[in-house]
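# A predicted structure for the sequence below; I have some questions about it.
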Amino acid sequence: MVKISPSILSADFSKLGEEIKNVDKAGADFIHIDVMDGNFVPNISIGLPVIKSIRNKTDKVFDVHLMIENPSRYIDEFVEAGADIITIHYEAEKHIDRAIDYIKSKGVKAGVSLNPGTPSIVLKDIIEKLDLVLIMSVNPGFGGQKFIPYSINKIKEVKEMSLNVNKDLLIEVDGGVDKNNSKAIVEAGANVLVAGSAIFGDGKLKENIEAIRG
Ligand code: DX5
Ligand code: ZN
């Protein structure tokens, strides 16, 4: 069954602990945590102390999406803060192969994310060693943007590429996911859906998670 990873970027930060507990109860599989450095992306979000402070609010998998330049500098710290999956951007890391190995050596799952403008072919050599591929279906930096339709093809390509070499690969899609497009995204091959505004927007967490799961 498809996994749902609510993005806390759209949660109410003034009561983040409570929001996490509620989204856990509402049926979230993972908790998606967006870290932005104001450099790789135009926005600045949350970092290590916040992740540490929410770690004891849930046992769910912390799915940490690093939108930061040279992410390999901070792997140790994110592991220590409580990340279970660390996803770095292909575009932000010069030595992607080494960075993946390093993340895995720390006993956490390793993911690589592609911006909308980055073609899937760059994953060809590394896909077999990845735990997760995160396909950005909006340009990263902000919640509440519109799903870019050509992302569907990219999901299909990644699925196809993974078939013979990595059948357990998590294929995650992030950006503009809602109850109207989730079915097509899953049919294309995704097995983890991130959603921020479509889950936290109106506060009906359980209903929204179920609607997106389909
Ligand atoms: C965007 C983030 C997303 C974002 C998704 O840069 O990576 O995780 O929170 O938000 P929605 O679901 O509102 O597009
Ligand atoms: Zn994200």
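Sure, I can see it. Ligands and ions are numbered 1, 2, ... in the order given.
# What parts of this protein come near ligand 2?
Those residues of the chain that sit near ligand 2, judged by CB under 5 Å from the ion, are Asp34, His65, Asp174. C-beta here means a position set from N, CA and C on the backbone, and glycine is covered the same way.
# ok, and which of those residues reach ligand 1?
Restricting the residues of the chain next to ligand 2 to those within reach of ligand 1 (CB under 6 Å from any ligand atom) leaves Asp34, His65, Asp174.
# same for the helix or strand harbouring the second one, what does it pack against?
Put plainly, it is His65. Following DSSP states H and E, one finds His65 within strand 61-67. The contact analysis (3 or more CB pairs under 8 Å, 6 or more residues apart in numbering; DSSP states H and E) places strand 61-67 against strand 30-36, strand 85-89, strand 192-195.
# switch the cut-off to 7 Å
When contacts are defined as 3 or more CB pairs under 7 Å, 6 or more residues apart in numbering; DSSP states H and E, strand 61-67 sits against strand 30-36, strand 85-89.
# and Thr58, which of these is closest to it?
strand 30-36 (6.3 Å; CB to CB).
# list the helices and strands the closest one packs on?
strand 3-6, strand 61-67.
# Name the residue most distant from the centre of this protein?
Asn164 (23.5 Å; CA atoms, centre = their mean).
# Next, it: phi, psi?
phi -90, psi -20 (degrees, to the nearest 10).
# for it, what are its contacts?
By CB atoms under 7 Å, 6 or more residues apart in numbering, Asn164 lies in contact with nothing.
# pLDDT value on it, please?
Listed pLDDT for Asn164 reads 92.
# Ok, Gly111 next?
For Gly111, pLDDT reads 99.
# Use 259 as the first number for this chain going forward.
Will do, 259 is the new start, and the previous item becomes Gly369.
# Lys352: what secondary structure?
Three-state call for Lys352 (DSSP: H, G, I helix; E, B strand; the rest coil): coil.
# wait, what's in contact with it?
Taking CB under 7 Å, 6+ apart, one finds nothing in contact with Lys352.
# what about Pro307, neighbour count?
9 (other CB atoms under 10 Å).
# how about it, secondary structure?
Pro307 - assigned by three-state DSSP - is helix.
# close to ligand 1, is the top helix by length along the chain?
For the chain, the helix with the greatest residue count under DSSP state H is helix 409-420. No. Taking CB under 6 Å from any ligand atom as the criterion, helix 409-420 and ligand 1 are apart, separated by no less than 11.8 Å.
# I'd like to know which elements that helix is packed against.
The contact analysis (3+ CB pairs under 7 Å, 6+ apart) places helix 409-420 against strand 390-394, strand 428-432, helix 440-446.
# hmm, try it at 6 Å
strand 390-394, helix 440-446 (3 or more CB pairs under 6 Å, 6 or more residues apart in numbering; DSSP states H and E).
# in that helix, what counts as buried?
Ser409, Ile410, Lys412, Ile413, Lys414, Glu415, Val416, Lys417, Met419, Ser420 (16 or more other CB atoms under 10 Å).
# Distance from it to the middle of the chain?
16 Å (CA atoms, centre = their mean, to the nearest Å).
# ok, now stretch 275-289?
Worked out by CA atoms, centre = their mean, stretch 275-289 lies 15 Å from the chain centre.
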